[in-house]
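Asks: Fold the following for me, if possible:
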Amino acid sequence: MRRWRILVGLAVLVILTAAVADRTGSSGSFVRTVEVGKQPSSIAVSAATGRVFVANGDSNTVSVLDANSGLLLRTIAVGIHPGAIATDARGGCVVVANQGGSVSVLDARDGRLLRTIGLYRDAYGAVDFIPQALAVDEGSGRVFITGNGGRVGVLDRCAAKAAGAIDGLPPTASGGTIAVDSRTGYAFVVNSMDPGSGSTVNVLDGRRTTTTRSILVSQGAQDVAVDARTGAVFVIGQAGVDLLDRGGERVARTIPVRSVYGETLLDERRGRLFVGTISGGITALGARDGRVLFTRSLGLFPGSPLAEDQRRGRVYVCTGGTILTLDPRDGARRGAIPVRGCDGGMAVDERTGYLFVANGDDPVAASTPWSWLPSWLRQRLPADVGPAPTSGNGSVSVYDPAR
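Replies: Purely as a prediction, here's the structure:
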């Protein structure tokens with residue numbers, strides 16, 4: 001009898017807590033947190049299929065979530081240590097770069113594994129290529145993969161087969177970031193440490209699998225972005241942001257916006273490039289001419305993830321335990337979302353407006369009969385029914401900023 005009284009009392013407390021939270025808005029935009037694999041390191045949304053894909057680096061798996069609800073649909077075994085993810089809307093697939101020397105391809109509709117193909121090996125059969133970053137040319141379907149050893153791998157659409165490899169690049173270029181101009185089929189690869197001559201950008205012809213030229217840029221180059229509407233190419237680094245000329249032959253101008261391991265975000269709808277700066281803020285540049293539109297001081301950490309809902313006009317900036325919502329027109333703050341972390345990155349489903357945040361290797365509580373209770377209440381339960389043990393896996397939290 002006493003046990004039933006305790007249960008009824010707990011239920012009343014939960015109902016009252018929910019009612020207060022609903023009236024005060026303290027529940028915020030939180031929808032749910034779902035358990036994924038160990039060390040979720042990257043996340044991507046397939047807008048065409050309403051699926052979210054999370055690479056779990058230490059579990060050798062990819063978690064597939066429903067973008068409409070945030071619920072986990074399935075977990076797929078892929079290659080060793082999956083990292084970068086890219087979606088191919090035309091091909092209906094998702095490409096995953098595995099640092100164990102392979103590429104896995106998933107069906108964008110249900111996450112089903114279509115194939116895992118090994119990449120390049122040396123004369124002794126050992127893995128000779130460790131994928132780092134990748135980009136998809138939506139026009140031709142070519143997949144570009146940077147790795148080690150002065151090589152960039154080129155695969156056909158959805159990695160159906162290897163189309164070739166582009167060799168002879170500086171060793172530091174092949175592990176750098178990459179962006180593709182789908183109008184021309186050219187790919188731009190950042191080489192941040194070219195010995196003796198500072199930084200360069202290597203321009204690759206993906207259709208012919210050749211290197212066309214190398215462009216000297218400002219020192220400390222770390223990222224590259226291509227505006228598909230205008231063809232403008234931006235190279236972001238510690239010494240500034242370089243805007244290449246229309247032919248991609250040389251640097252047309254350098255904008256004095258310094259970035260150190262800060263992520264960049266390109267808003268093609270509004271023609272803006274957002275850059276995380278060395279001073280912990282964010283600067284917006286015009287995507288056509290590179291002029292500075294505004295700068296906002298936000299207290300960012302190096303490498304703070306950025307994401308955007310272009311449809312609703314929201315820029316999300318993670319500052320550690322908080323995600324700030326900014327107006328892309330002037331950088332004004334629209335709100336703040338408390339989060340557990342965002343080490344694994346962020347992604348937006350523009351159909352629902354949901355924001356998906358990978359919490360890195362932050363462990364989640366294992367399921368117990370008491371998991372439905374609020375965490376503050378579980379902490380006060382007796383030891384035999386108290387807080388749930390952690391599973392050791394990471395998690396993805398889902399937020400609805402419109403709430």
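
Asks: quick one: low-confidence parts of the stretch 251-400 of the chain?
Replies: Along the stretch 251-400 of the chain, segments meeting pLDDT under 70 span 260-262, 302-303, 360-391.

Asks: In contact with Arg333, which residues?
Replies: With contact taken as C-beta atoms under 8 Å, 6 or more residues apart in numbering, Arg333 is in contact with Leu324, Thr325, Leu326, Asp327. In short, each C-beta sits where N, CA and C put it, glycine included.

Asks: which residues touch the last one?
Replies: Neighbour list for Asp327: Gly313, Arg314, Val315, Arg333, Arg334 [criterion: C-beta under 8 Å, 6+ apart].

Asks: how about the helices of this protein, start to end?
Replies: According to DSSP state H, the chain carries its helices in the segments 2-24, 375-378.

Asks: ok, of the contacts of Arg333, which come out buried?
Replies: Neighbour counting with 16 or more other C-beta atoms under 10 Å marks Leu324, Thr325, Leu326 as buried within these.

Asks: would you list the residues you listed in a markdown table and tack on distance to Leu355?
Replies: Formatted as a markdown table, the buried ones among the contacts of Arg333 follow (distance: C-beta to C-beta, whole Å):
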| residue | distance to Leu355 |
| --- | --- |
| Leu324 | 12 |
| Thr325 | 9 |
| Leu326 | 13 |
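
Asks: from those, which is closest to Thr230?
Replies: Leu326 (22.8 Å; C-beta to C-beta).

Asks: count of residues packed around the nearest residue to that closest one once chain neighbours are set aside?
Replies: The spatial neighbour of Leu326 that comes closest, neighbours along the chain excluded (C-beta to C-beta, 6 or more residues apart in numbering), is Val315 at 4.3 Å. Applying other C-beta atoms under 10 Å, we find 23 residues neighbouring Val315.

Asks: Tell me who's in contact with Val315.
Replies: Leu265, Asp267, Phe274, Ile282, Leu306, Ala307, Glu308, Thr325, Leu326, Asp327, Pro328, Gly331.

Asks: hang on, isn't the third one packed against Gly281?
Replies: It refers to Phe274. No. Using C-beta atoms under 8 Å as the test, Phe274 is too far from Gly281 to be in contact (10.6 Å).

Asks: Give me the more crowded residue out of those two.
Replies: Phe274 (24 against 19).

Asks: is that one in a bridge, and if so with what?
Replies: Judged by DSSP bridges, the bridge partners of Phe274 are Leu265, Ala284.

Asks: what about the closest residue to Thr254 other than its chain neighbours, neighbour count?
Replies: Spatial nearest neighbour of Thr254, excluding adjacent residues (C-beta to C-beta, 6+ apart): Gly240 at 4.6 Å. Look at Gly240: counted by other C-beta under 10 Å, it has 21 neighbours.

Asks: in terms of contact, does Gly240 touch Ser218 like I think?
Replies: Yes. Counting by C-beta under 8 Å, Ser218 is a contact partner of Gly240 at 5.1 Å.

Asks: so what sits against both of these two?
Replies: Here Gly240 and Ser218 share the contacting residues Thr254, scored by C-beta under 8 Å, 6+ apart.

Asks: For Leu266, see how far away Tyr244 is.
Replies: One thing to correct before we go on: residue 244 is Leu, not Tyr. Counting by C-beta to C-beta, to the nearest Å, the separation of Leu244 from Leu266 is 14 Å.

Asks: and if you look at Arg329?
Replies: 16 Å.

Asks: who has more neighbours, the two?
Replies: Legend: neighbour count by other C-beta under 10 Å for Arg329 and Leu266, higher for Leu266 (23 against 13).

Asks: nearest residue to the more buried one other than its sequence neighbours?
Replies: Of all residues not flanking Leu266 in the chain, Ala225 sits nearest, at 4.8 Å (C-beta to C-beta, 6+ apart).

Asks: who's in contact with the residue nearest to Gly111 when sequence neighbours are not counted?
Replies: In space, and not counting its chain neighbours, Gly111 is closest to Val64: 3.4 Å by C-beta to C-beta, 6+ apart. Listed by C-beta under 8 Å, 6+ apart, the contact set of Val64 reads Arg51, Val52, Phe53, Val54, Leu72, Leu73, Arg74, Thr75, Ile76, Leu106, Asp110, Gly111.

Asks: Among those, which one sits closest to Ala89?
Replies: Proximity of the contacts of Val64 to Ala89 (C-beta to C-beta) peaks at Arg51, which lies at 11.9 Å.

Asks: That closest one: neighbouring residues, count only.
Replies: Residues near Arg51, counting by other C-beta under 10 Å: 24.

Asks: same check, this time on Val241
Replies: Per other C-beta under 10 Å, the neighbour tally for Val241 reads 28.

Asks: Same check on Arg112?
Replies: Neighbours of Arg112 (other C-beta under 10 Å): 12.

Asks: Quick check on it: phi, psi?
Replies: When read as degrees, to the nearest 10, the backbone of Arg112 gives phi -60, psi 140.

Asks: between the contacts of Arg333, which is closest to Ile166?
Replies: Proximity of the contacts of Arg333 to Ile166 (C-beta to C-beta) peaks at Leu326, which lies at 37.8 Å.

Asks: Is that closest one bridged to anything, and to what?
Replies: Note on Leu326: beta-bridge partners by DSSP bridges are Val315, Arg333.

Asks: Report the beta-bridge partners for Val180.
Replies: On the basis of DSSP bridges, Val180 is bridged to Ala187.

Asks: Check which residues of stretch 204-216 are buried.
Replies: Quick answer for stretch 204-216 (16+ other C-beta under 10 Å): Leu204, Asp205, Gly206, Thr209, Thr211, Ser214, Ile215.

Asks: quick one: Gln325 from Ala89, how far?
Replies: In this structure residue 325 is Thr, not Gln. Thr325 is 26 Å from Ala89, by C-beta to C-beta.

Asks: show me what contacts the residue lying closest to Gly100 once chain neighbours are set aside?
Replies: Excluding the flanking residues, the one nearest Gly100 by C-beta to C-beta, 6+ apart is Ile80, at 2.6 Å. Going by C-beta under 8 Å, 6+ apart, Ile80 touches Asn60, Asn98, Gln99, Gly100, Gly101, Ser102.

Asks: Go again with 10 Å.
Replies: Contact analysis of Ile80 by C-beta atoms under 10 Å, 6 or more residues apart in numbering lists Gly57, Asn60, Asn98, Gln99, Gly100, Gly101, Ser102, Thr116, Val127.

Asks: Cool, thanks, signing off.
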